[in-house]
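Q: I'd like to go over a predicted model; first the sequence, then the structure.
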Amino acid sequence: ALFTNPADLPSKNYDFIVIEAGTAGSAVASRLSEDLTKKILVIEAGVDDTGNLNVEVPFFAPLAGRTAVDWNYMTVTQQGLNGRSITGFVLGGSSAINFLEWTLGSQDYYNKLASITGDLGWGWASMQRFFKRVSKLLPPTDNPTITPNEIPTSNGNGPLDVNLSNFDLEPDQHVFTTAKGLQSSAHAHLRRFKYTIDMNGGNTIGFGYNQVTARDDVCTTSATAYLHPALQNRQNIDMVINTRVTSVEVATSKGGAKPTFTASKEVILSAGTIGTAQILLLSGIGPQADLGSKTIVNAPQQKCPDHPLLSLFWNVSSNCAYGDALRDPAVQSAALNEWFATEGCSVIPLSMCWASCVSLNPSSLRPNAPNTELIFVDGFVPDATNPLPATGHFMSIICAVVSLTSVGSITLPSTSSDTFTQPNIDYNVLGTDFDVQAMLQAMKDAETFVSSKIGGVNQFTKDGYLRSEFGDFASAKTDAQRIAFMRAHADTIHHPVGSARMGSAASGGSDGAVDSRLRVKGVKGLRVVDASVLPIIPEAHTAAAVFTVAERASDLIKQDNGISSGSPSHSPVPSAHSPLPPPPSNQHNGHGHHEES
Ligand SMILES: Cc1cc2nc3c(=O)[nH]c(=O)nc-3n(C[C@H](O)[C@H](O)[C@H](O)COP(=O)(O)OP(=O)(O)OC[C@H]3O[C@@H](n4cnc5c(N)ncnc54)[C@H](O)[C@@H]3O)c2cc1C
């Protein structure tokens, strides 16, 4: 059942307490509640997602930021961005406010996770079944440009519906015709701009159709796929919202009452990279050098990278009404009315972009993984330094550095003693020369790609679509000017990871906060399951990796608590569209954990 006040909860004692109903937390809570003999409590600071159009309507996704469903965090000033500061408070967490892109990352990424942690279970081969347990691909129903042999096969039959577009966006065929031409170029350095059918198939170098988390033109999230079906169908899961976890205590307001709940088996911390790091620090788990006498467990510094992002704009001749809808409430409301009537919209593309990854230097890091990403957007992506122009139509290419070397940190401000004050967030964006050079390469790759000719013809300009570069980018022609442009305009993609990372086998685990089974070191009964456990950042958008981690973590928790998936009390939630597949039967007797509150 769903509660809005912790005082109304029917019990203070549960088997498992899942702290947060975000991307990972919703999935873990749902999986644990499959054993109907176990009582689960989920505590979430944010609000109910039901009926929130910014969460439900795909073309409103970019509008959810800076609203009541966003934590509205601000970083400390970033030296790499000329001293600028850059900026899910809802069921589903970040999966409810993200931009829908569904990218798992490369096989090399997961194999690297396995080699770092010494746990083969994190490797690509092992993680495949967890990925397939999360998502189900809905093929396009009437997009003739995607042929049957171009339908990706990497998804499974999970509760999260993932969509492949029913229609092309305006730049699509320009992009794909160019990529298909360049992959057989006589120039080796251009062949990496190839066409890739399945961006989740393990090798993520190339340009491909982007999969998005949506069904019938409605966003799908961890809450819609996992949490709501569990809450609706099971009596053994309670959930309280509007309630912030402070450490092991909860409160509805600063200075308010702090009821205590106990878990006889485990507490699962899934507050996301920032929230988890903050709660661990406030619970006395962190570097002794920072926490001093408040230290309960001395754990390494909370490191935290995020992908740098930079938008480049071109004036185009286009019918895309996305910019018009952002400028004109009448256009927006007409589009919304059409969406309500038909769950679709003919004037605004429901998904704005197709992801595409290209490798900066295939031999330097991991051969199946890119260093940079170019995302083609059918419209203008406004942000703090790029306000939406009053008129005009645009194509944007979002450049991202996805295998970065800068590492930031999350620390407690000296004045803060609770989660009602945000921690110091420092991603150290563009803080290394490698990251700057990689972004520079991405900018040049974007320029090279749109000016390439296939069979002597430029695909972007041949029908008058692409006209000219727009804004400061148009005058950034030397490397020094491009670097100045990126320092003035770069941001991040909101993909921070690693603040409670798994320790490496090489260090005997001493460089991490959790072990490879995600148990917090030195604490019994406390586990972390969210983006914070990833010791390296995926070369992809991070949601799919987080869902997949949550599925494996659910198995680990069940195993360690002797929960068998095959017991009579086991009950996968029947979802309206796609049933949860049953968990695997490879259970062994786990050991019990003791109380955490
Ligand atoms: C604007 C935005 C766009 C993005 N776009 C994409 C995209 O297109 N594709 C993609 O793959 N990834 C995207 N991401 C990243 C991806 O969504 C995240 O990496 C992933 O969802 C993180 O999952 P998580 O479980 O670690 O954390 P979250 O999903 O953020 O969950 C954390 C939860 O903890 C709650 N919480 C935090 N602190 C407390 C507290 N003290 N007490 C109680 N509750 C608390 C939060 O409210 C939240 O519900 C985007 C992220 C953002 C923010």
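A: Ah, there it is.

Q: I figured Tyr109 hits Pro538, correct?
A: Yes. Tyr109 is within contact range of Pro538, at 5.3 Å (criterion: Cβ atoms under 8 Å). The C-beta positions use only the backbone N, C-alpha and C, and glycine is treated the same way.

Q: between those two, which contacts overlap?
A: By Cβ atoms under 8 Å, 6 or more residues apart in numbering, Tyr109 and Pro538 have these common neighbours: Ala545.

Q: mind listing the residues bridging to Phe313?
A: Beta-bridge partners of Phe313, counted by DSSP bridges, are Ser396.

Q: got the contact list for it?
A: Counting by Cβ under 8 Å, 6+ apart, Phe313 makes contact with Phe380, Asn386, Phe394, Met395, Ser396, Glu469, Phe470, Gly471, Phe473.

Q: can you count the residues close to the fourth one?
A: The burial count assigned to Met395 is 27, neighbours taken as other Cβ atoms under 10 Å.

Q: now swap in the first one and tell me
A: Burial of Phe380 is recorded as 27 neighbouring residues (other Cβ under 10 Å).

Q: and what of the fifth one?
A: By other Cβ under 10 Å, 24 other residues sit near Ser396.

Q: how far away is it from the ligand?
A: Ser396 sits 15 Å away from the ligand, going by Cβ to the nearest ligand atom, to the nearest Å.

Q: and the first one, by the same measure?
A: According to Cβ to the nearest ligand atom, Phe380 and the ligand sit 17 Å apart.

Q: closest to the ligand out of the contacts of Phe313?
A: Ser396 (14.6 Å; Cβ to the nearest ligand atom).

Q: mind listing what that closest one touches?
A: So Ser396 contacts Ser311, Leu312, Phe313, Trp314, Phe376, Val377, Gly379, Phe380, Val381 (Cβ under 8 Å, 6+ apart).

Q: shouldn't the second one be in contact with Met395?
A: No. Leu312 is beyond contact range of Met395, at 9.2 Å (criterion: Cβ under 8 Å).

Q: can you redo the contacts of Phe313 as a markdown table with distance to Leu280, pLDDT and secondary structure?
A: As requested, the contacts of Phe313 are arranged in a markdown table below (distance: Cβ to Cβ, whole Å; pLDDT from 0 to 100; DSSP: H, G, I helix; E, B strand; the rest coil):
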| residue | distance to Leu280 | pLDDT | secondary structure |
| --- | --- | --- | --- |
| Phe380 | 39 | 87 | coil |
| Asn386 | 35 | 89 | strand |
| Phe394 | 42 | 92 | strand |
| Met395 | 43 | 92 | strand |
| Ser396 | 37 | 91 | strand |
| Glu469 | 45 | 96 | strand |
| Phe470 | 44 | 96 | coil |
| Gly471 | 42 | 93 | helix |
| Phe473 | 41 | 94 | helix |
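
Q: tally up the residues packed near Arg327, please.
A: Residues within reach of Arg327, counting by other Cβ under 10 Å, total 15.

Q: in space, what's closest to it - neighbours in sequence excluded?
A: Leu388 (6.5 Å; Cβ to Cβ, 6 or more residues apart in numbering).

Q: can you check Asp378 too?
A: In space, and not counting its chain neighbours, Asp378 is closest to Leu169: 4.0 Å by Cβ to Cβ, 6+ apart.

Q: in the stretch 51-200 of the chain, which segments are predicted with low confidence?
A: 51, 53-55, 57-72, 87-97 (pLDDT under 70).

Q: can you map out the strands along it?
A: 135-138, 160-163 (DSSP state E, counting those that start in this stretch).

Q: number of nearby residues for the residue of the chain found nearest the ligand?
A: Nearest residue of the chain to the ligand: Gly22, at 1.8 Å (Cβ to the nearest ligand atom). For Gly22, the count of nearby residues is 36 (other Cβ under 10 Å).

Q: tell me the one of the contacts of Ser396 nearest Ser184?
A: Among these, Phe376 lies closest to Ser184 (Cβ to Cβ), at 21.2 Å.

Q: endpoints of stretch 367-377, how far apart?
A: Taking Cα to Cα, to the nearest Å, stretch 367-377 runs 26 Å from one end to the other.

Q: going forward can the numbers begin at 256, since that is how I track them
A: OK, 256 is where the count begins now, so the last one is stretch 622-632.

Q: anything in it near the ligand?
A: No. Shown here: stretch 622-632 not in contact with the ligand (Cβ under 6 Å from any ligand atom), separated by at least 9.4 Å.

Q: which strand or helix spans Val752?
A: Val752 is part of no helix or strand, with elements assigned from DSSP states H and E.

Q: what separates the spatially closest residue to it that is not a sequence neighbour from Val657, distance-wise?
A: Closest residue to Val752 apart from its sequence neighbours, by Cβ to Cβ, 6+ apart: Leu789 at 4.2 Å. From Leu789 over to Val657 the distance is 13 Å, taken as Cβ to Cβ, to the nearest Å.

Q: which helix or strand lies directly C-terminal to the helix or strand of the chain with the lowest mean pLDDT?
A: Ranked by mean pLDDT, DSSP states H and E, the weakest helix or strand in the chain is strand 505-506, scoring a mean of 40. Following strand 505-506 in sequence order, the next helix or strand is strand 517-524 (DSSP H and E).

Q: neighbours of Pro644, how many?
A: Considering only other Cβ under 10 Å, Pro644 is surrounded by 16 other residues.

Q: same thing with Leu591?
A: Applying other Cβ under 10 Å, we find 18 residues neighbouring Leu591.

Q: in terms of secondary structure, what does the helix or strand hosting Val804 contact?
A: Applying DSSP H and E as the criterion places Val804 in helix 798-815. On a contact count with 3 or more Cβ pairs under 8 Å, 6 or more residues apart in numbering; DSSP states H and E, helix 798-815 meets helix 278-287, helix 349-352, helix 379-389, strand 517-524.

Q: residues making contact with the third one?
A: Here helix 379-389 makes contact (Cβ under 8 Å, 6+ apart) with 282, 359, 362-363, 365-366, 369, 375-376, 409-415, 455, 457, 799, 802-804, 806-807, 810, 835-836, 838-839.
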